[in-house]
Structures are given as C-alpha cells and as structure tokens.
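Asks: mind looking at a prediction? Sequence and model below.
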Amino acid sequence: MTGIEKVRSRIAEIDCDIIGLIAKRMALAEDVLESKKSDHISINDETQNDVVLERAVSEATEKCIDTAAVEDIFRILIRMNIERQHELSGEGNLP
C-alpha cells in the first residue's frame, strides 16, 4: 500500500466513524421528541438550535476549523433531526 493509499484508508475509517456518530445522534431523535412532548416544547426549538450552533462554532474555533463550514454541517444535522422527529410524530414524509 502506498503512502497516499494509507492516508486514504485512514480517511475512509474516519468517514465511517463520522457516519456512525451521525447515526447515534439521529437515534436520539425519539428520546428528544418524547421529552419535548412531555415538556410541551415545539419540535423545532430555535433556542436549542442556536445553542447547538454556538457550541459547534466555538469548538471549531478552538480547533482552528472553518467555522462557517462547521455551522453549515450542524444546520444540516439539526434539520435531519427535526425531520426525523416529525416523521416519528406522524407528521413527516420520510421513510
């Protein structure tokens, strides 16, 4: 295996880890939905969305990562979770 192949292999492993972490995050959607229902909180909780984005941007800043890109990624993750919660509540149209 060449040097670039080794690096690409490590990147592929990290990519799989990232997908696994996204799946874990999405698996919590049902727990979040139940908590929101019992606390009478809307599925799309803008205040919490802002907290998540601020936390992600802060972490990206500390690690010298492009904060705008990280914010975009976390907006997608938030949207995915909201869509999943809508689906679980019977309001969504996702598989």
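Replies: Arrived safely. Residues are numbered from 1 along each chain as shown.

Asks: give me the contact list for stretch 52-66.
Replies: 67, 70, 71, 73, 74, 75, 78 (CB atoms under 8 Å, 6 or more residues apart in numbering). All C-beta atoms are positioned from the backbone trio N, CA, C, and that covers glycine.

Asks: so for that stretch, mean pLDDT?
Replies: Across stretch 52-66, pLDDT averages out at 98.

Asks: any idea which residue is closest to the centre of this structure?
Replies: Residue closest to the mean C-alpha point of the chain, counted by CA atoms, centre = their mean, is residue 77 at 3.2 Å.

Asks: ok, that residue - contacts?
Replies: The neighbourhood of residue 77, defined by CB under 8 Å, 6+ apart, consists of 22, 25.

Asks: look up phi and psi at residue 42.
Replies: phi -60, psi 150 (degrees, to the nearest 10).

Asks: give me the pLDDT value at it.
Replies: 93.

Asks: now it. Nearest residue, chain neighbours left out?
Replies: residue 36 (7.2 Å; CB to CB, 6 or more residues apart in numbering).

Asks: report how many residues lie close to the one you found.
Replies: 17 (other CB atoms under 10 Å).

Asks: other residues contacting the longest helix along the chain?
Replies: When the chain is parsed with DSSP state H, its longest helix is helix 3-27. Residues from elsewhere that reach helix 3-27, judged by CB under 8 Å, 6+ apart: 1, 77, 80, 81, 84.

Asks: can you list the low-confidence ranges for the chain?
Replies: Residue ranges of the chain with pLDDT under 70: 92-95.
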